[in-house]
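Student: The amino acid sequence is not available; the structure is as follows:
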């Protein structure tokens with residue numbers, strides 16, 4: 001297990017270096033002068049002195065290899081540069097906003113598992129029956145409704161009509177834990193509805209496949225209790241594809257929660273990215289892209305290690 005984990009960590013570190021290098025090269029291979037593009041407003045050519053000053057500030061006036069070495073050195077120290085808008089440290093703003101997005105995604109993933117895993121298992125165990133048809137229909141409905149429609153309906157029902165919760169906003173957990181969870185519930189639930197439907201379908205398919213395997217038949221022949229067979233043999237065997245699908249969708253959500261964060265006024269990473277792109281703030285955009293990329297690599301590493309726990313055969317692959 002330790003050897004397998006060491007190999008996966010080494011691969012993850014190599015991937016992070018490759019991603020950082022690709023981001024650096026893409027920025028420098030874009031046609032045109034980045035400093036000139038950043039300062040251009042309404043098609044009017046910027047002041048050459050201002051362009052030269054910005055090039056010097058961003059280090060674009062140095063040789064490419066020198067820029068690359070300085071770039072990697074700064075990343076190794078956690079320095080992502082300063083914003084061009086108000087000169088604040090990009091890393092500081094990311095540290096402030098990133099936990100909010102991660103919390104939203106984690107809450108949505110947990111709710112999706114609670115929704116999708118048990119219902120998918122029940123549907124597979126009752127395949128072709130009434131429960132299967134009803135649950136499959138609900139899952140299809142959950143997949144077909146866009147997230148902004150779900151969010152809008154949730155606001156209308158729970159905030160406007162029932163008045164159970166504000167329409168959106170954010171309160172720090174340390175300041176008011178109850179209000180924080182109330183404000184988290186709607187955006188997390190909005191994401192979880194579609195994600196839970198995906199997990200339902202994958203769980204149902206995986207459980208149906210596992211039910212036909214020899215070791216499940218052997219457990220039944222031994223006279224083990226049905227509940228034990230389902231929990232210890234069927235569900236565990238079906239978790240690998242479910243974990244894969246969940247990890248893929250959670251990775252997508254890292255940069256794809258823009259609509260939900262905007263709709264519920266949740267001050268996370270996606271809104272920060274939109275603002276940085278609109279302002280053409282080069283250091284902010286690069287910093288956000290790098291952080292999202294590194295998080296995706298870490299998420300894949302965690303999934304690989306979880307595979308080894310769920311299926312010991314993976315360790316020797």
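Tutor: Cool, the structure landed. Computed from a prediction, not measured in an experiment: that's the story for all the values here.
Student: make it CA atoms for all contacts and neighbour counts henceforth
Tutor: Noted.
Student: so where do the helices sit in the stretch 1-150 of the chain?
Tutor: Per DSSP state H, counting those that start in this stretch, the stretch 1-150 of the chain carries helices over the ranges 2-29, 34-39, 48-58, 64-76, 90-125, 130-144, 147-154.
Student: Point out the most buried one among these.
Tutor: Comparing these by mean neighbour count (mean count of other CA atoms under 10 Å), helix 90-125 comes out on top with a mean of 20.
Student: Would you mind getting the angle between that one and helix 130-144?
Tutor: 150 degrees (axes from the mean of the first three to the mean of the last three CA atoms, to 10 degrees).
Student: Tell me the helices and strands packed up against helix 90-125.
Tutor: helix 130-144, helix 177-211, helix 235-256, helix 269-278, helix 282-310 (3 or more CA pairs under 8 Å, 6 or more residues apart in numbering; DSSP states H and E).
Student: Any idea which of the ones you listed gets closest to residue 22?
Tutor: With CA to CA as the measure, helix 282-310 is the member of those nearest residue 22 (10.0 Å).
Student: Rounded mean pLDDT for the closest one, please.
Tutor: Mean pLDDT, computed over helix 282-310, is 81.
Student: Give me the distance between the spatially most central residue of the chain and residue 64.
Tutor: By CA atoms, centre = their mean, the chain has its centre lying nearest to residue 254, at 2.9 Å. According to CA to CA, to the nearest Å, residue 254 stands 31 Å off from residue 64.
Student: Could you list the low-confidence segments of the stretch 201-317 of the chain?
Tutor: 220, 255-256, 307, 310-317 (pLDDT under 70).
Student: switch to 90 and redo it
Tutor: 203, 205-263, 265-317 (pLDDT under 90).
Student: picking that back up, can you list the helices of the stretch 1-150 of the chain in a markdown table and add distance to residue 236?
Tutor: Output for those, formatted as a markdown table (distance: least, CA to CA, whole Å):
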| stretch | distance to residue 236 |
| --- | --- |
| helix 2-29 | 21 |
| helix 34-39 | 51 |
| helix 48-58 | 51 |
| helix 64-76 | 39 |
| helix 90-125 | 11 |
| helix 130-144 | 21 |
| helix 147-154 | 30 |
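Student: can I see the domain layout of this protein?
Tutor: 2-81, 97-278 (automatic domain parsing).
Student: Residue 91: which of those is closest?
Tutor: Of all these, it is domain 2-81 that lies closest to residue 91, at 5.6 Å by CA to CA.
Student: Centre of the chain to that closest one, how far?
Tutor: 23 Å (CA atoms, centre = their mean, to the nearest Å).
Student: Distance of the nearest residue to residue 204 once chain neighbours are set aside relative to residue 47?
Tutor: With sequence-adjacent residues excluded and distances taken as CA to CA, 6 or more residues apart in numbering, residue 204 is closest to residue 120, at 4.4 Å. Computed as CA to CA, the residue 120 to residue 47 distance reads 62 Å.
Student: No more questions from me, cheers.
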